[in-house]
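S.K.: after the sequence you'll find the predicted model.
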Amino acid sequence: MADSVKGSISALWIIGLVYSALGALFVVLGIVLALVLEEGLLFCVIFGGIGMVFLILGIIFLAVEYGKRKNSERLIASGRYVWGTIADWRVNRSIEVCGRHPIVLLVRYVDGRGQEHIFRSSSLRIVGGPQLLGKQVRVYYGDPDFRNYYVAADCDALSGRSWAEI
């Protein structure tokens, strides 16, 4: 089975969309009000200026998230990977979706020189537990020193239960 970047929606992606939409709305309303109203030009400029700030922040957030996704796709397309072993999993308490917290996998890989590397996966919406420990997952990398990596872990490969199954 070929690995692919999962289309999960992160908090940064949602914030970027909301900020961009609100920013664009405020800018358009500021311009329309400036054309319609004869007085209160300062109000329209401030209203549109705040909208411009929101629009720029939203575009920056979306660009950062898009860059992360493209980087992961590029790493998978390069085809360079190592097999890592799931050493631990942790609940990501900073995110809560429908009353559940996603988990983050800690993957261990020992290279040929005996040096140990620890990789963190992105937040996964699967149920964590001792059944995950010791399973093998692919870790795609771009640099020989493993600074740029992507942990390709999904529910099917781990035989774990997803949130939808509970």
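M.R.: Happy to help now that I have it.

S.K.: where's residue 85, which helix or strand?
M.R.: strand 81-91 (DSSP states H and E).

S.K.: residues in contact with the helix or strand that that strand is followed by?
M.R.: For strand 81-91, the following helix or strand on the C-terminal side (DSSP H and E) is strand 103-110. Here strand 103-110 makes contact (Cβ atoms under 8 Å, 6 or more residues apart in numbering) with 82-92, 116-124, 126-128, 132, 137, 139, 146, 151, 153. Every C-beta, even on glycine, is put in place using the N, C-alpha and C of the backbone.

S.K.: before we move on, back to that, partners of the strand holding residue 85 in the sheet?
M.R.: strand 103-110 (antiparallel), strand 136-141 (antiparallel) (DSSP bridges).

S.K.: show me this protein divided up by domain.
M.R.: Domain assignment of the chain by automatic domain parsing yields the ranges 11-77, 79-165.

S.K.: mind putting the ones you listed in TSV, mean neighbour count included?
M.R.: As requested, the domains of the chain are exported to TSV (neighbours: other Cβ atoms under 10 Å):
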stretch	mean neighbour count
domain 11-77	15
domain 79-165	15
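
S.K.: which stretch in the ones you listed has the least confidence?
M.R.: Looking at these, the lowest mean pLDDT belongs to domain 79-165 (a mean of 81).

S.K.: please name the nearest non-neighbouring residue to the most centrally placed residue in the chain.
M.R.: Taking Cα atoms, centre = their mean, the centroid of the chain lies closest to residue 10, which sits 4.8 Å from it. In space, residue 10 comes closest to residue 65 once its chain neighbours are excluded; the distance is 6.2 Å by Cβ to Cβ, 6 or more residues apart in numbering.

S.K.: quick one: residues contacting residue 111.
M.R.: With Cβ under 8 Å, 6+ apart, residue 111 has these contacts: 82, 117.
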